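Student: the following comprises the amino acid sequence and a computationally predicted model.
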Amino acid sequence: MLAKLRQFLWTWRGVWITVPTVTGCILLLRWLGFLQLLELAAFDQLIRLRPPDSPDSRIVIVGITETDIQTLGTSILSDADLAQLLTTIKQQKPRAIGLDIVRDQPEGTGQEQLNQVFQTTPNLLGLKKVIANDPNSVMQAPPLLEKQGQIAGADVVLDPDGKVRRGFLYITSDTDETLPSLGLGLAKLYLEFDNITPQGSSQNPDDLQLGQAVFVPWEANDGGYIRTDAGGYQMMLNYRNAPFTTVSLSDVLANQITTDLMRDRVVLIGYTAPSKKDEFLTPYSSILVGNPQTTYGVLIHAQLTSQIISAAFGERPLIKTWSEPLEWIWILLWSGIGATIRWRWRYAGGVAKFSFPPLLFTLLAGGSLVGICYLAFLQGWWIPLVPPGFALVGSVIAITSYLAHQATTIRYCFSRYLTDEVVANVLENPDALNLEMQRQNVTILMSDLRGFSNISERLPPEQVASLLNIYLSAMTDIINQYKGTINDFIGDAILVFFGAPTQQADDAQRAVACAVAMQSAMSRVNQELNQSGLPKIKMGIGINTGEVVVGNIGSQKRTKWTVIGSPINLASRIESYTVGDQILISETTWQEAGIDGVKFRQEKLVQPKGFHQPIPIYDVVGIGGKYDLHLPEVKEEIVELQEEIPIEFTVISGKDIGEERFWGKIFQVSVNGAAIRCEFPLEPLTSLQLYLVNPFSDNQIQGDFYARVSESLVADKTAVWVQFTVMAPDVEGWLRSWMMGVE
């Protein structure tokens, strides 16, 4: 059980690390206030996206328009005009009247008439500015109304971006004076007719309850706000997106309204003229182009009044929020969803390639988040949208970045063993690790060092490793340059594929060009080996082209990408015929590489083991065309021996050295080969182990000495030319001294 738990934790390690980390970062950004404006903008969008509301017929607005101001000839109503207006409204018997205009001083004539109206209108409320932020904007209530206790607060709440999203229920001044807002005052007057009066909530007596609604005071960190000013008794405005019934001042004064338009309704009187600058930004003010739409102050008071009345009757919900711990869990949840989506499909398509499943499910998750928040908002719940959205995307980005870094690391590590093409195939192809094989035409290059076993026996392991690293490093760079796929290093041998995993039209040409470049680089390799005190080496290369099966072989736990087929065996056989500094290619490679482009020294017929008929192979010395590579022409000085050197030799068959020894004599010699006269015919490409015999003492010269028959010198093949493949230092030294002595 514990082992399974550990395996589970390890399997999902990316999620366990990412989720708390991203959530912590998002919560920190939120606490610092960086997400507040984005969350408020999301709130505005939710407000605008709601379906249309039905108009609230309980509210009537008497707007003082620009036309009314021009008709009256003044922007300030006289006491007589205001008295006439209120008298006309009173005749329709509204439940409440709100006066959203300044009236703290007498204006023109009719003061006594206006005071009479004030005294006889108990359901009339005047305005007073409670919070004195600016001494120049003091708004006092009509003295008579204030004396009668018929005043309400005129203040509105502005957010950092200048918009009105909240409203006051009660407003408290710096001198601890508390007044109900105009919206609450008018709503209470309206609800008294339905026997609904303010009282304390059963759950918290300090919370105001009107009918079915409990108004919980807004706190500084509720919703998307961070440390906002929550002074007084505030609530979020649940704006209606339907217009209120509005008539102009002139229509009312002229009795051009229906006789029951205002009966049993709340009437608000205020300016709807732009020149009075009583306008505010609201959630409906957000537009992409042009000037933002503003809302008159009287309409904002009407919105608050309508909301309180509707909530008291249970018609429209108040906007509520979750507690902070619940919001943290909500953000954590979406961080987990994003991390799980990306981690679950982390191998779908690879990180360096377009991956559809993670993108699709991330989009679906983002759409679900928006949908949930929208549906909750319709029910009155304002739950975080921006922070969980950032957490969702942030987790996806975090895991994607981790996977990209991991893939880069893996690519770097694997590129030391495989070509970039194979690594990319493994990392980016979702089917790269399946066990299915497919047929492909591939050119196989096999290289091997001549006499490496002898070198390995003479050198310490550290020096052998150093020699191989110098050699393989140079060869790898060249192979990668020609876009070959190194399948394996087998000791000193290199197995390279051209045309797998990706095929190109010039695979055979690139293979031949690569082989020529490799042989040409051997002089630089030997120069570096010499500087390191290491022996000189020679390389043989065999190339074959044929149809093979390409893919992964093994099990689900252990897999090897490789190429399988008889063409690989033939490439190995062809390589075994090479001597140092030689490139042999098959006829199929010669044909595919372009007969005119490949330059070869000679053609030979060989019969490899397992083949019933001899096959031609070609000794390549260069390739033309766009590659234009050629091996340097080596002119060997052949020394004619006046006194032949006696030798013994055995014939090597495969890896086995024959037990029977034969006699022969060397009658010509060069640095790289010799002419041998023997007692029986030797076929070309026969491998020999030679034993030099000192003609002066009849003793054998100690040390390994191997050669391969390259050509016959006489028709009966009893005189042949051999190429030296391995020569021990003692043998090489004695042979050179003998040549110098002869000369």
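Tutor: Noted; the coordinates are in hand. Numbering: from 1, shown residues only.
Student: and this protein, what are its domains?
Tutor: Using automatic domain parsing, the domain ranges for the chain come out as 2-48+323-412, 54-312, 431-630, 639-742.
Student: and L584, what element?
Tutor: strand 582-586 (DSSP states H and E).
Student: just checking, I537 touches N526?
Tutor: Yes - using Cβ atoms under 8 Å, I537 is in contact with N526, at 6.7 Å. For every residue, glycine as well, the C-beta is placed using N, CA and C.
Student: more neighbours: which of those two?
Tutor: Neighbours around I537 and N526, counted as other Cβ atoms under 10 Å, are more numerous at I537. The numbers are 20 against 17.
Student: so how far is I151 from that one?
Tutor: Using Cβ to Cβ, to the nearest Å, I537 is found at 105 Å from I151.
Student: same check on E107?
Tutor: 18 Å.
Student: neighbour count winner among the two?
Tutor: Neighbours around E107 and I151, counted as other Cβ under 10 Å, are more numerous at I151. The numbers are 23 against 18.
Student: tell me, how many residues neighbour the residue nearest to the more buried one when sequence neighbours are not counted?
Tutor: In this structure, I151 finds its nearest non-sequential neighbour in A141, 4.1 Å apart by Cβ to Cβ, 6 or more residues apart in numbering. Neighbour count of A141, defined by other Cβ under 10 Å: 23.
Student: let's number from 44 now, not from 1
Tutor: With 44 as the first residue, the last one maps to A184.
Student: quick one: contacts for A184?
Tutor: Taking Cβ atoms under 8 Å, 6 or more residues apart in numbering as the criterion, A184 is in contact with 146-147, 169-171, 194.
Student: format the domains of the chain as CSV; extra columns: mean pLDDT.
Tutor: Below are the domains of the chain laid out as CSV (pLDDT from 0 to 100):
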stretch, mean pLDDT
domain 45-91+366-455, 86
domain 97-355, 90
domain 474-673, 86
domain 682-785, 79
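Student: and W706, which of the three is it?
Tutor: Each residue gets one of three states, and W706 gets strand by DSSP: H, G, I helix; E, B strand; the rest coil.
Student: for the one 4 residues further on, same thing?
Tutor: Classification of F710 using three-state DSSP returns strand.
Student: wait, is S490 part of a helix?
Tutor: No - going by three-state DSSP, the assignment for S490 is strand, not a helix.
Student: pretty sure it sits against I586.
Tutor: No - the criterion here is Cβ under 8 Å, and S490 misses it with I586 at 9.4 Å.
Student: any shared contact partners between those two?
Tutor: A558.
Student: who has more neighbours out of those two?
Tutor: Using other Cβ under 10 Å, the more surrounded residue of S490 and I586 is I586, with 31 against 24.
Student: could you list which residues are in contact with that one?
Tutor: So I586 contacts 486-489, 554-555, 558, 614, 617, 626-629, 632 (Cβ under 8 Å, 6+ apart).
Student: same check on V714?
Tutor: So V714 contacts 679-680 (Cβ under 8 Å, 6+ apart).
Student: you'd agree it is in a strand?
Tutor: No - under three-state DSSP, V714 falls outside any strand and is assigned coil.
Student: does L81 touch I269 like I think?
Tutor: No - assessed by Cβ under 8 Å, L81 is found out of contact with I269, at 11.5 Å.
Student: any idea which helix or strand carries the residue nearest to the spatial centre of the chain?
Tutor: The centroid of the chain falls nearest to T443 when counting by Cα atoms, centre = their mean (4.1 Å). Assigned by DSSP H and E, T443 belongs to helix 429-457.
Student: in that helix, which residues are buried?
Tutor: 429-443, 445-446, 450, 454, 457 (16 or more other Cβ atoms under 10 Å).
Student: what's the answer for stretch 107-117, then?
Tutor: Buried residues in stretch 107-117 (16+ other Cβ under 10 Å): 107-108, 111-112, 115.
Student: next: stretch 627-642.
Tutor: 627-629, 631-633, 635-636, 640-642.
Student: ok, and the closest non-adjacent residue to D491?
Tutor: Using Cβ to Cβ, 6+ apart, the closest residue to D491 is A536 (4.5 Å).
Student: restrict the longest strand along the chain to CA atoms and write it as CSV.
Tutor: Across the chain, the longest stretch assigned as strand under DSSP state E is strand 581-597. Provided in CSV are the C-alpha atoms of strand 581-597 (Å, rounded to 0.1, in the frame of the first residue of the first chain):
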residue,chain,number,x,y,z
LYS,A,581,43.3,3.3,-39.3
MET,A,582,39.6,3.0,-40.2
GLY,A,583,37.7,0.9,-42.7
ILE,A,584,34.2,1.7,-43.8
GLY,A,585,31.6,-0.5,-45.5
ILE,A,586,28.3,0.8,-46.9
ASN,A,587,25.2,-1.0,-48.1
THR,A,588,21.7,0.0,-49.2
GLY,A,589,18.5,-2.1,-48.9
GLU,A,590,15.0,-2.4,-47.5
VAL,A,591,14.8,-3.0,-43.8
VAL,A,592,12.3,-2.7,-41.0
VAL,A,593,12.7,0.4,-38.8
GLY,A,594,11.2,1.0,-35.3
ASN,A,595,11.4,0.1,-31.7
ILE,A,596,12.1,-3.4,-30.5
GLY,A,597,11.8,-4.7,-27.0
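Student: and the next helix or strand past it?
Tutor: According to DSSP H and E, the helix or strand after strand 581-597 is strand 602-607.
Student: tell me what that next one is packed against?
Tutor: strand 480-493, strand 528-533, strand 581-597 (3 or more Cβ pairs under 8 Å, 6 or more residues apart in numbering; DSSP states H and E).
Student: next structured bit after it?
Tutor: helix 609-619.
Student: can you list the buried residues in that next one?
Tutor: 610-619.
Student: of the residues you listed, closest to G243?
Tutor: Closest approach between the buried residues of helix 609-619 and G243, by Cβ to Cβ: I611, at 90.6 Å.
Student: who's in contact with that closest one?
Tutor: So I611 contacts 487, 489, 538, 587, 591 (Cβ under 8 Å, 6+ apart).
Student: check the gap between it and V592 for me.
Tutor: Counting by Cβ to Cβ - I611 and V592 are separated by 11 Å.
Student: likewise for V774?
Tutor: Taking Cβ to Cβ, one finds V774 at 45 Å from V592.
Student: for these two, indicate the residue with more neighbours.
Tutor: V774 (20 against 16).
Student: the nearest residue to the more buried one once chain neighbours are set aside: how many residues sit nearby?
Tutor: Closest residue to V774 apart from its sequence neighbours, by Cβ to Cβ, 6+ apart: G746 at 4.2 Å. The number of residues packed near G746 is 18, by other Cβ under 10 Å.
Student: which ones are touching G746?
Tutor: By Cβ under 8 Å, 6+ apart, the neighbours of G746 are 770-774.
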